[in-house]
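**Q** everything below, folded, please.
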Amino acid sequence: MHSDGKELALADTIRGAAHSLRSAADLDPLLQRIGDSRFVLLGEATHGTSEFYRWRTTITRRLVEEHGFSFVAVEGDWPDCYRVNRYAKQLSDFGERATDVLHAFARWPTWMWANREIVDLVEWLREHNVRHSWDRQVGFYGLDVYSLWESMAAVIEYLESIDPEAARSARRAYGCFDRFHGDADEYARSTALAPTTCENDVVRMLATLRSHAPEYLADGRDAYFAAEQNAHVAIDAERYYRAMIRGGPSSWNVRDHHMMHTLDRLMEHHGPMAKAIVWAHNTHVGDARLTDMARDGMVNVGQLARQSHGEEGVVLVGFATHRGSVIAADEWGAPMERMPVPPARAGSFEDLVHRAGVGDALFFGSELARNSAFESPLGHRAIGVVYAPARERWGNYVPTIVPHRYDAMLYVEETHAVDPLHMPVLVDGEEPATFPSGM
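**A** Predicted structure coming up:
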């Protein structure tokens, strides 16, 4: 806790740094700060808050229309997101509506991308792309690493259409996983009990795919790129699940290094003038070095992007909320629920902004840093897909040096849960109910 004098000084700093956030025009200072930067990473304090999705959509639209950004890369699986990309670019078998394409997201937690807020973004992307030539169309891609089986299946499907003999080789290579029947946890447990893994098989398959690149590229540069990316996912997913069973920070680091590697591949694929927009949780976007994650040996995409591409322009944008509601679950794999988000913990960044009375606001780290008190860690809310509101007192806050972890921060005083496409939703732990679309 701070003394009364320090709290008053902090409140004055917050009021002086707050830029009112009411409409798209209020983002002008952020767009000016982004300028010619090539990487803009947009966070979120939860995986289930409508306002975070909607503000990110508004920022994304302006970045595409006014700054020529090339693609959106999200904290989602490559195969699912690539189907969205095909829809947004009106490629063959792309589907008829964004709702149908997003409803096909089957991996828990489905509400992260199968929600009506994302429908609005994807339909806008499609409308934008219809008006532009292929080289100016904006893609939608997944950065994550979970889709081991789906990515292997996608590689085989691609090869079946272009090289049936190579497809048979792929089935043999990936056959190492057959006895685990699509259960990644079962595979991970087996590697903890025996030294035998399928690592060499997935690595060999990527090498085989690359050896045929010249002939495969003739069938379509994007199709080959997607297949090669799925082969990369298979390699890193296999590593991720093995690391996960061992515990510690290694699985997190495998995942975020994979995200950064995928982002680099996408930038290369889109050419020397490419610009990237990333959507992911604050824990991936905000520089890990300015949190207690660094003490635990963890890195994240925001840190890696700054280290690798700082000279090209990297802008990290965090999101925060004081209270509201959220879609989450009380344990991994459980039904989604609309849960309350209680008022922020006393002394946290969100609590200080609330007490300063500025309402919804945009902040810049450089302006907050004028008060040295912000150079010390403050609790900063972080809600995952698994959430227990009653335990807010003990968890859900990451000690953060806010002005340096992010370049900018969007604060929303009261937020509301996203509107999931999959039904039904438990409402505060009660019986399933139809989720109100007006939330």
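**Q** helix or strand: which one has the nearest residue to Glu160 once chain neighbours are set aside?
**A** Leaving aside its chain neighbours, Glu160 sits nearest to Ala167 (4.4 Å; criterion: C-beta to C-beta, 6 or more residues apart in numbering). Heads up, the C-betas are built off the backbone N, CA and C, glycines and all. Under the criterion of DSSP states H and E, Ala167 resides in helix 164-174.
**Q** what lies in contact with that helix?
**A** Helix 164-174 is contacted from outside by 152, 155-156, 159-160, 201-202, 204-205, 208-209, 212, 234, using C-beta atoms under 8 Å, 6 or more residues apart in numbering.
**Q** check which helices and strands the helix or strand containing His404 sits against.
**A** For His404, the host element (DSSP H and E) is helix 402-405. When contacts are defined as 3 or more C-beta pairs under 8 Å, 6 or more residues apart in numbering; DSSP states H and E, helix 402-405 sits against strand 314-328, helix 365-368, strand 378-381.
**Q** just name the most buried of those.
**A** strand 314-328 (a mean of 24; mean count of other C-beta atoms under 10 Å).
**Q** burial of Phe364, as a residue count?
**A** Counted by other C-beta atoms under 10 Å, the residues lying close to Phe364 total 17.
**Q** that one and Leu410 touch, don't they?
**A** No - under the criterion of C-beta atoms under 8 Å, Phe364 is not in contact with Leu410, lying 10.9 Å apart.
**Q** direction included, what does the helix or strand just after the helix holding His404 pair against?
**A** Remark: after helix 402-405, the chain's next helix or strand is strand 408-415, criterion DSSP H and E. Here strand 408-415 is paired, per DSSP bridges, with strand 314-328 (parallel), strand 361-364 (antiparallel).
**Q** please enumerate the strands of the stretch 101-250 of the chain.
**A** Applying DSSP state E, counting those that start in this stretch to the stretch 101-250 of the chain gives strands spanning 139-142.
**Q** still on that earlier bit, any chance of the helices and strands packed on helix 402-405 in TSV, with mean pLDDT and distance to Leu143 too?
**A** Shown next, in TSV, are the helices and strands packed on helix 402-405 (pLDDT from 0 to 100; distance: least, C-beta to C-beta, whole Å):
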stretch	mean pLDDT	distance to Leu143
strand 314-328	98	15
helix 365-368	96	24
strand 378-381	96	22
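**Q** quick one: which of the ones you listed is nearest Tyr240?
**A** Nearest to Tyr240, of all the helices and strands packed on helix 402-405, is strand 314-328, at 22.6 Å by C-beta to C-beta.
**Q** chain neighbours aside, what residue packs nearest to Glu66?
**A** Spatial nearest neighbour of Glu66, chain neighbours left out: Leu31 (6.6 Å); criterion: C-beta to C-beta, 6+ apart.
**Q** can you get me a residue count around Leu206?
**A** Residues lying near Leu206 (other C-beta under 10 Å) number 18.
**Q** try Glu392
**A** Close neighbours of Glu392, defined as other C-beta under 10 Å, add up to 18.
**Q** ok, now the one 5 residues further on?
**A** For Tyr397, the number of neighbouring residues by other C-beta under 10 Å comes to 20.
**Q** what is the rounded mean pLDDT of stretch 106-122?
**A** Mean pLDDT, computed over stretch 106-122, is 96.
**Q** how about the contacts made by Leu316?
**A** 41, 43, 285-287, 302, 305-306, 405-408.
**Q** could you rerun that using 6 Å?
**A** Listed by C-beta atoms under 6 Å, 6 or more residues apart in numbering, the contact set of Leu316 reads 41, 285, 302, 406-407.
**Q** just to revisit the earlier point, name the SS class of the residue nearest to Glu66, please.
**A** Classification of Leu31 by DSSP: H, G, I helix; E, B strand; the rest coil places it in helix.
**Q** returning to what we had before: which positions in the helix holding Ala167 come out as buried?
**A** 166-167, 169-170, 173-174 (16 or more other C-beta atoms under 10 Å).
**Q** again, but for stretch 131-149
**A** 137-149.
**Q** next, the distance between the ends of that stretch.
**A** End-to-end distance for stretch 131-149: 36 Å, by C-alpha to C-alpha, to the nearest Å.
**Q** low-confidence ranges, this protein, go.
**A** 1-4, 194-195, 218-219, 424, 426, 428-439 (pLDDT under 70).
**Q** how about 50 then?
**A** Low-confidence segments of the chain (pLDDT under 50): 1-2, 431-439.
**Q** mind naming the longest helix for it?
**A** Among the segments of the chain that qualify as a helix by DSSP state H, the longest is helix 221-246.
**Q** for it, name the packing helices and strands.
**A** In terms of contacts (3 or more C-beta pairs under 6 Å, 6 or more residues apart in numbering; DSSP states H and E), helix 221-246 is packed against helix 78-88, helix 148-162, helix 184-193, helix 199-211, helix 250-270.
**Q** just want the angle from the second one to helix 199-211.
**A** The directions of helix 148-162 and helix 199-211 differ by 30 degrees, with axes from the mean of the first three to the mean of the last three C-alpha atoms, to 10 degrees as the criterion.
**Q** tell me how far helix 148-162 lies from the chain's centre.
**A** Distance of helix 148-162 from its chain centroid, counting by C-alpha atoms, centre = their mean, to the nearest Å, is 24 Å.
**Q** tell me what it is packed against?
**A** helix 164-174, helix 221-246.
**Q** buried stuff in that helix?
**A** 148-156, 158-159, 162.
**Q** returning to what we had before: how close does the residue nearest to Glu160 get to Val40?
**A** Remark: distance between Ala167 and Val40 (C-beta to C-beta, to the nearest Å) = 39 Å.
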